[in-house]
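**Q** Below are the sequence and a predicted model for it; my questions follow.
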Amino acid sequence: MQTDFPKLALGTWLMGGTKDPDPNNDDQRDIGAIKTALDFGVGLIDTAQNYANGRCEELVGQAIANYPRSSYRILTKQNRIHLEYDQVMSGFNDSLTRLKLDYVDYFLCHAPNPDFDLTDFFKATNQLAKEGVIKHVGVSNFGPKSLHVALETSETPITVNQVSFSLSDSSILSSGTYDMCRENNIPIQAYRTLADIDEDPDISSALKIIANKLKVTPHQIALAYLNSYDGVCFTIKASSLEHWQQIKDSMQIVLEPEDIETLKKIHLTKKSGFGNFLEM
């Protein structure tokens with residue numbers, strides 16, 4: 001795993017709205033959550049162009065305005081419905097304007113799209129990297145086929161693959177995505193890490209038993225299990241210092257092999273719709 005990729009990032013999905021800006025959104029609450037993460041020491045903020053149609057990037061830009069540039073990194077993602085070369089170039093520049101930055105640390109293709117030639121994205125990022133306005137190139141929701149294109153086309157290393165990975169979704173394991181990332185030294189950045197686990201009786205029951213034994217929360221056990229896989233980092237939405245401390249503490253939990261095996265047997269039976277991207 002590339003050692004300088006942060007273990008924890010703040011995920012900003014739903015800040016500012018859903019696909020479109022929410023006129024009733026509590027902007028100050030979202031800005032406050034971003035500042036809380038930065039104050040706790042979470043130095044990577046994860047956003048995207050299609051989060052509230054750019055409004056989320058604007059909120060991130062407002063939140064980071066008074067922090068030293070060396071104290072944080074910004075990851076944003078190109079909308080998967082705009083992957084032509086010129087669209088990537090203009091999309092990136094629009095992101096830069098909304099974030100009020102001179103460069104971003106990580107620029108990702110948000111997901112593959114068979115309606116476009118994926119090489120266009122990487123030809124654009126090759127140019128942007130030469131200009132120094134992006135420091136690292138990455139991908140999101142890429143399975144083996146798309147990863148092969150990325151590795152063949154990108155002139156800079158692929159520094160991350162952001163994918164759905166939770167106890168309710170083992171798609172990166174069954175699709176070969178996890179193995180390919182490990183073989184090519186690409187960190188996995190897990191999102192939706194706690195999705196649906198409270199509603200699944202098999203998962204919920206197993207987590208509670210282990211959590212009671214270790215005197216921690218079931219969510220901490222879920223994160224500790226995912227963290228037992230080599231090369232996994234996390235993008236998580238949290239709004240309080242207490243929540244961030246729980247997340248940080250979960251990274252230190254070492255599960256017994258039999259507990260990992262119990263959870264793995266359940267995990268490998270679970271898939272989600274996000275796995276469809278990994279077949280593209």
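**A** That came through, no problem. Numbering: from 1, shown residues only.
**Q** What segments of the stretch 1-150 of the chain are strands?
**A** Applying DSSP state E, counting those that start in this stretch to the stretch 1-150 of the chain gives strands spanning 8-11, 44-46, 73-78, 104-109, 134-140.
**Q** Dump these into JSON lines; add mean pLDDT and mean neighbour count as well.
**A** The way it works is simple: take the backbone N, C-alpha and C, and place the C-beta from them, glycine included. Listed next are these as JSON lines, based on pLDDT from 0 to 100; neighbours: other CB atoms under 10 Å:
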{"stretch": "strand 8-11", "mean pLDDT": "98", "mean neighbour count": "24"}
{"stretch": "strand 44-46", "mean pLDDT": "98", "mean neighbour count": "25"}
{"stretch": "strand 73-78", "mean pLDDT": "98", "mean neighbour count": "25"}
{"stretch": "strand 104-109", "mean pLDDT": "98", "mean neighbour count": "25"}
{"stretch": "strand 134-140", "mean pLDDT": "98", "mean neighbour count": "24"}
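**Q** Of those, which is nearest Asp249?
**A** Of all the strands of the stretch 1-150 of the chain, strand 8-11 sits nearest to Asp249, with 11.8 Å by CB to CB.
**Q** For the strands of the stretch 1-150 of the chain, could you give me CSV that also reports distance to Glu242?
**A** CSV is the format used below for those (distance: least, CB to CB, whole Å):
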stretch, distance to Glu242
strand 8-11, 15
strand 44-46, 20
strand 73-78, 24
strand 104-109, 27
strand 134-140, 29
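**Q** In contact with Gln189, which residues?
**A** 5, 9, 46, 160-163, 232-235 (CB atoms under 8 Å, 6 or more residues apart in numbering).
**Q** helix/strand/coil for it?
**A** strand (DSSP: H, G, I helix; E, B strand; the rest coil).
**Q** and of the strands of the stretch 1-150 of the chain, who's closest to Asp94?
**A** Per CB to CB, nearest to Asp94 of the strands of the stretch 1-150 of the chain: strand 73-78, 10.3 Å.
**Q** strand partners of the closest one, parallel vs antiparallel please.
**A** strand 44-46 (parallel), strand 104-109 (parallel) (DSSP bridges).
**Q** rewinding a little: pull the most distant pair out of the contacts of Gln189.
**A** Longest span within the contacts of Gln189, CB to CB: Asp46 and Val232, 14.9 Å.
**Q** Run through this structure and note the low-pLDDT ranges.
**A** For the chain, the stretches with pLDDT under 70 are 1-3.
**Q** The same query, at a cut-off of 90, please.
**A** Along the chain, segments meeting pLDDT under 90 span 1-4.
**Q** show me where it has helices.
**A** Using DSSP state H, the helices of the chain run over 27-40, 55-64, 85-99, 119-131, 144-153, 171-174, 177-183, 201-214, 218-227, 241-250, 257-267.
**Q** Report the distance from the shortest one to the chain centre.
**A** To tie it back to what came earlier, the one meant is helix 171-174. Relative to the chain's own centre, helix 171-174 is displaced by 16 Å; criterion: CA atoms, centre = their mean, to the nearest Å.
**Q** And for the longest one?
**A** Relative to its chain's centre, helix 85-99 lies at 20 Å (CA atoms, centre = their mean).
**Q** Next, the buried residues of it.
**A** 85, 87-89, 91-92, 95-96, 98-99 (16 or more other CB atoms under 10 Å).
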